[in-house]
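> missing the sequence, but the structure's below:
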């Protein structure tokens, strides 16, 4: 069932090594079919060069496997929570991409230092706190809960990603491919923000009016980037 | 019309991903036919691996599209302003190449620390200030105006590039290929200048006499680099 | 003799350049056949692009060559000591991979800043002290002795690698391939730990409970990562 | 004439882009035939992907072109001086490889922080001072003179390379290929030394006895690395 979905999720997963975002199996992509409430996700610990479309695992929003010979990604419960919390997203990516993970390990959100960042993320990419010992007992579920809580006063469509402290980034989008696209952006702006602070330790975030200009050049009713 | 120009501009655009200067569609090259006052430029938001020579958009110096099925790059108005201000240039490149963009985000010009830089840029590669809120209302036009203003007391042929604060680099040259060449140089010297300051935080720019020697080894009547 | 072992060790060695862990011949992999007490190891100073399975050298646990037209790796005596000291390992890797070597040159162990590290190494990857002048007289043997000593109060299966001061990393595993896998992990976490400290000079190691959670997600009776 | 020499020098030149040491034409290799006192060198400013063996230019030790349709590298006079000053070398390489050039721009020699360095360079890779205004009048000749002077109290065979301040590295060896090999080593140790100081700003050079051990493991009568 949902063969097209599995094919798309397979292709989106294969973009992760292509863009240099994963070493070994350190990443996963899912995409949801909102009608059926079922999403396809990478199987846990299967090497990318062995992966096939039919290996994608189908899971429902209770976190139950619906179809698939493999176990789904160990991060599946986090995906479930995010699909429930963020009604308009269709795809989720988790990686340990090196620059984004370095910021996550440093426990800092990525400041918006320029238009590359502002074209996709409307302000800082936040860093979620560590889970408490108690919360760690249900680790993957509570990772999702924590991210959802963090975005209660943020717009998850304008800031389509987050860093989890001492862990790494999650990104999302309207489908798996857009979520991968945003994962590439996070890695690229994470790298440039680190170098930017090295070049000027006193650097300040870009002015709000420039961020507005670039964000709304690409998003919303008056956008004019690209082809319509 | 101008099929050769479109072919050359296509090829120059394809050099950007080849030299690692662009992620996704974050860059564009144009080249002008000075006789007709028409330039060819990359269409906005079209992926490099889908790009074809016939997709190049022809634009005149009033910024009007002359030919092409796509919208031209969203940065087209900046190109127009630069072609008008800098009479001897034939090509322009804009990228978000990571090291040059890191300097732009840091709000610093790139000091001339050595002969690699001096072979192409006669002194610091300057960083243009942010546009004001008022100027941002006509963003791409005023980006061009700002760059032109900044070069009123500089030689745009001896310093064929600039950083725009919180944004990224623009470079130019006698044609699109030379502008790409200079974009590669900016990225390379941006990287080395950052590492140089990391290795020696008290480093000073290279002595003027060495810069003179290298610049004039490659440029002007007494140059002797390469084949004549 | 032991043709399959030589084939496996050849393949494991060829992974080193593939993963970007070696320049020229700066690395070697061995794997032991515990029944016979014989291990296969890369020949000394032979270029990777010339290497063939039959070039692998067979050595016994007294350090004597058993078979092979070439001299074994100059680090062979270190491998012998480690196979003797660590009864449950089956493979060993030594490289000069650049980030791990930078930490070794800096004389610092790699702190555990996140889950990428914790998934494979249960805490800091330690850095062994320099050998004394006296110990240097029997350099490769004493490198092995020093590492074995350092792990007297550590669990070599939970921390499958070490840095040797002013030199570089050694890693191990149940076979040559797992040792290579761990060498890739060391390089990756070495890179991210350095960038993490650059981004936040006051960063602290990840909380113990998060490390426990991740380590035991992948290891031991209650692990649930991957496919069973 | 000297067809084999030209072929070898061509091949050695082609290794520079393969090892990532050059952008555009920023590098050159030469090799000398000591019997005839003639060396082959890359032509000036010819792109690597256009280069052919027959393009190599033959030059004598007075700096006169003996054969070739192109002008020799603009650095030819420096090569002449080095061949005259260092009687036992057979090949020379100059590049603007990014990490070595960053140290040169920083005006610092590369300290010996570990065995990767010590395996090839017996101690610090020195950085030659800037030429004076007077000396710059005969730039390429005096670059060679300056390097030769700097090595009057050093062993050019034990330290087969140098950085020129605000410029970049020169390396040498028994032939062009060994000089390229040493150019790769300089770039690699330059990178690791910079990262090493980032990881530990108070790092000290490796102990002399370890350097001795590694250097003499590979060089001299008692060496035992590789195959004899």
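Alright, I've got the coordinates. Values in this document were obtained by computation on a predicted structure and should not be read as measured data.

> closest residue of chain A to chain D?
residue A:198 (9.4 Å; CB to the nearest CB). Quick note: C-beta positions are derived from backbone N, CA and C, even for glycine.

> the strand or helix carrying that residue near chain C anywhere?
Secondary structure from DSSP states H and E places residue A:198 in helix A:176-199. Yes: interface with chain C: helix A:176-199 contributes A:194, A:197-198 (CB under 8 Å from any CB of the partner chain).

> what residues of the next helix or strand after that helix count as buried?
Note on helix A:176-199: by DSSP H and E, the next helix or strand toward the C-terminus is helix A:208-218. For helix A:208-218, a neighbour-count test (16 or more other CB atoms under 10 Å in any protein chain shown) marks A:209-211, A:213-217 as buried.

> hmm, helix A:208-218 touching chain B?
Yes: on the criterion CB under 8 Å from any CB, helix A:208-218 is in touch with chain B at A:209-210, A:213, A:217.

> SS state for the residue most central in space within chain A?
Residue closest to the average C-alpha location in chain A (CA atoms, centre = their mean): residue A:171, at 1.3 Å. Following DSSP: H, G, I helix; E, B strand; the rest coil, we place residue A:171 in the strand state.

> got a list of what it touches?
Shown in contact with residue A:171 (CB atoms under 8 Å, 6 or more residues apart in numbering or on different chains): A:92-93, A:160-162, A:179-180, A:182-183, A:185-186.

> ok, 10 Å please
Neighbour list for residue A:171: A:29, A:89, A:91-95, A:97, A:100, A:120-121, A:125, A:159-162, A:178-187 [criterion: CB atoms under 10 Å, 6 or more residues apart in numbering or on different chains].

> beta partners of it?
For residue A:171, the beta-bridge partners under DSSP bridges are residue A:93, residue A:161.

> quick one: it from residue A:7, how far?
Distance, residue A:171 to residue A:7, using CB to CB, to the nearest Å: 21 Å.

> check residue A:93 too.
17 Å.

> ok, and of the residues of helix A:208-218 next to chain B, which contact chain D?
Taking CB under 10 Å from any CB of the partner chain as the test, chain D is in contact with none of the residues of helix A:208-218 next to chain B.

> any chance of those residues in a markdown table, plus pLDDT?
Output for the residues of helix A:208-218 next to chain B, formatted as a markdown table (pLDDT from 0 to 100):
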| residue | pLDDT |
| --- | --- |
| A:209 | 93 |
| A:210 | 91 |
| A:213 | 89 |
| A:217 | 83 |
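
> got TSV for those, with distance to residue B:33 too?
Listed next are the residues of helix A:208-218 next to chain B as TSV, based on distance: CB to CB, whole Å:
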residue	distance to residue B:33
A:209	36
A:210	33
A:213	31
A:217	28
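
> nearest to chain C, of those?
Nearest member of the residues of helix A:208-218 next to chain B to chain C, counting by CB to the nearest CB, is residue A:210, at 23.3 Å.

> wait, that closest one sits on residue B:167?
Yes: shown here, residue A:210 and residue B:167 form a contact pair, counting by CB atoms under 10 Å, at 7.8 Å.

> which residues do the two both contact?
Common contacts of residue A:210 and residue B:167 (CB under 10 Å, 6+ apart): A:114-115, A:118, B:130-131.

> quick one: which of the residues you listed sit in strands?
The strands, defined by DSSP state E, take in nothing from the shared contacts of residue A:210 and residue B:167.

> which one of those sits closest to residue D:11?
residue A:114 (43.5 Å; CB to CB).

> counting neighbours, what do you get for that closest one?
29 (other CB atoms under 10 Å in any protein chain shown).

> again with residue A:64
12.

> and it, how close does it get to residue D:85?
77 Å.

> which residues of chain A lie near chain D?
Counting by CB under 10 Å from any CB, chain A sits next to chain D at residue A:198.

> quick one, strands of chain A?
Counting by DSSP E, the strands of chain A are A:27-33, A:38-41, A:57-60, A:65-67, A:91-95, A:127-128, A:161-164, A:168-173.

> which one of those lies nearest to residue B:155?
Using CB to CB, the strands of chain A put strand A:161-164 closest to residue B:155, at 43.4 Å.

> what sits against the residue of chain A found nearest chain C?
Nearest residue of chain A to chain C: residue A:45, at 3.0 Å (CB to the nearest CB). Applying CB under 10 Å, 6+ apart, we find residue A:45 in contact with A:24-25, A:70-71, A:73-74, C:218, C:225-227.

> residue A:128 is in contact with residue A:168, isn't it?
No: between residue A:128 and residue A:168 there is no contact under CB under 10 Å: 11.1 Å.

> counting neighbours, go ahead and name the busier of these two.
For the pair residue A:128 and residue A:168, the greater number of neighbours falls to residue A:168 (25 against 21), based on other CB under 10 Å.

> so what's the residue count around the closest residue to chain B within chain A?
Distances between chain A and chain B by CB to the nearest CB are smallest at residue A:226, namely 3.0 Å. Neighbour count of residue A:226, defined by other CB under 10 Å: 15.

> could you do residue A:164 as well?
That count, for residue A:164 with other CB under 10 Å as the rule, works out to 23.

> next one: the residue of chain A most remote from its centre, what pLDDT does it get?
Computed with CA atoms, centre = their mean, the maximum C-alpha offset from the centroid of chain A is found at residue A:202, amounting to 29.1 Å. Per-residue confidence (pLDDT) for residue A:202: 98.

> cool, and the one 3 residues further on?
pLDDT, the model's per-residue confidence, is 98 for residue A:205.

> starting at the chain centroid, how far to the lowest-mean-pLDDT helix or strand in chain A?
None of the helices or strands of chain A scores lower by mean pLDDT, DSSP states H and E than helix A:208-218, at a mean of 88. The chain centroid and the centroid of helix A:208-218 are separated by 22 Å, computed with CA atoms, centre = their mean, to the nearest Å.

> what does it contact?
Contacts of helix A:208-218 (CB under 10 Å, 6+ apart): A:112, A:114-123, A:158, A:205-207, A:222-226, B:45, B:74, B:130-137, B:139-140, B:164-167.

> now do 6 Å
Residues from elsewhere that reach helix A:208-218 (CB atoms under 6 Å, 6 or more residues apart in numbering or on different chains): A:112, A:115, A:118-119, A:122, A:225, B:133, B:136, B:139, B:166.

> those: which two are farthest apart?
A:225 and B:133 (20.7 Å).

> ok, the two, which is more surrounded?
residue A:225 (18 against 13).

> who's in contact with the more buried one?
Neighbours of residue A:225 in contact, by CB under 6 Å, 6+ apart: A:217-218, B:44-45, B:74.

> would a markdown table of the residues you listed with distance to residue A:18 be doable?
Listed next are those as a markdown table, based on distance: CB to CB, whole Å:
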| residue | distance to residue A:18 |
| --- | --- |
| A:217 | 28 |
| A:218 | 23 |
| B:44 | 24 |
| B:45 | 20 |
| B:74 | 26 |
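
> about what we covered before: top of the contacts of residue A:45 by neighbour count?
In terms of neighbours by other CB under 10 Å, the contacts of residue A:45 top out with residue A:73 at 26 neighbours.

> phi first, then psi, for that one.
Phi and psi for residue A:73, reported as degrees, to the nearest 10, are phi -40, psi 140.

> near chain C, which residues of chain A are found?
When proximity is defined by CB under 6 Å from any CB of the partner chain, chain A lies next to chain C at A:23, A:44-45, A:70-71, A:74, A:96, A:98, A:101-103, A:105-106, A:108, A:130, A:133, A:136, A:139, A:166-167, A:194.
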